[in-house]
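Asks: Got a sequence here, can you model it:
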Amino acid sequence: MKIRRGRERGHFDHGWLNTYHTFSFADYFDPAQMGFRALRVINEDRVAPGMGFGMHGHRDMEIVTVVLSGALEHRDSLGNGEVLRPGEVQRMTAGTGIRHSEFNPSSAEPVHLYQIWLLPERAGLAPGYEQKAFAESEKRDRWRLVASADGRDGSLTIRQDARLYLASLTGARELHHELARGRHAWLQVLRGSVTVNGAELAAGDGAAISEEANVTVRAADEAEVLLFDLA
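Replies: Numbers count the residues shown, from 1 in each chain. You can find the predicted model right below:
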């Protein structure tokens, strides 16, 4: 297991945007931090009220967004217009090309979010968009599958051999996730602090896990984590 401490991430405070980059992104470049397996970007963003990312384009990437607090208004060149709130997860297949904007529609409250990019199974996919809500009860002290290659169990469908799980831990129990032979995991702490396979991780920390049979997560108090099961 290799730990990526939140304090060691790339960090930029643009005033309207306070952002942390787990892997190399935009003006942050570290040749030792170019991603993990199919994971290419994990950005933690805080966007000021009334601000956001204007219309811009992407290609050949699976983009997943999770809002922790506040709201994020999405518009894209496919004609989609949605507001993403806590408890909801968004998936966008950039494929052959998509343009989108993401804004904080509030005049008073910042929005705190994670945006994740995964390499797709192949280039040239048709662009697509999907958004779903997942009840807090579905992920309380349990793994809730929120994205997968086959969209099973009501999860979003991503075009990559990866499974994404959310869990809200109350300290009542520890969670186990079995890794099949040859699979890898990335555990990202969204809120609170946890122990992962014996190592202590705080909010913003991540851990790359390979050649392990299980991922074991426990929390002394409330915490929220995102787990990637990767080929």
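
Asks: Check what pLDDT Ala135 gets.
Replies: What the model reports as pLDDT for Ala135 is 96.

Asks: Count the residues that sit near Met55.
Replies: Met55 has 11 neighbouring residues, counting by other CB atoms under 10 Å. Using the backbone N, CA and C atoms, a C-beta is placed for each residue, glycine as well.

Asks: Give me the most central residue, the protein.
Replies: Nearest to the mean C-alpha position of the chain, by CA atoms, centre = their mean, lies Ile116 at 4.4 Å.

Asks: Phi first, then psi, for it.
Replies: phi -120, psi 140 (degrees, to the nearest 10).

Asks: And Gly6, by the same measure?
Replies: Main-chain torsions, Gly6, degrees, to the nearest 10: phi -60, psi -40.

Asks: Look up the closest residue to it, ignoring the ones flanking it.
Replies: The shortest distance from Gly6 to any non-neighbouring residue, by CB to CB, 6 or more residues apart in numbering, is to Gly204 (2.4 Å).

Asks: Check Glu212 too.
Replies: Leu179 (6.0 Å).

Asks: how far away is the one you found from Leu119?
Replies: 20 Å (CB to CB, to the nearest Å).

Asks: Would you check that the residue nearest to the centre of the chain makes contact with Ile63?
Replies: Yes. Between Ile116 and Ile63 there is a contact at 7.1 Å, judged by CB atoms under 8 Å.

Asks: Tally up the residues packed near Ala167, please.
Replies: Quick note: Ala167 (other CB under 10 Å) scores 23 neighbours.

Asks: So which elements touch the helix or strand in which it is found?
Replies: Element membership of Ala167 [criterion: DSSP states H and E] is strand 162-169. Using 3 or more CB pairs under 8 Å, 6 or more residues apart in numbering; DSSP states H and E as the contact criterion, the elements in contact with strand 162-169 are helix 136-139, strand 144-148, strand 175-178, strand 214-218, strand 223-230.

Asks: in stretch 122-140, what counts as buried?
Replies: Leu125, Pro127, Gly128, Tyr129, Glu130, Gln131, Phe134, Glu138, Lys139 (16 or more other CB atoms under 10 Å).

Asks: Shouldn't the fourth one be within a strand?
Replies: Yes. When classified by DSSP: H, G, I helix; E, B strand; the rest coil, Tyr129 is found to be part of a strand.

Asks: Return the distance of the nearest residue to it once chain neighbours are set aside relative to Arg46.
Replies: In space, and not counting its chain neighbours, Tyr129 is closest to Asn80: 4.7 Å by CB to CB, 6+ apart. The gap separating Asn80 from Arg46 is 24 Å, by CB to CB.
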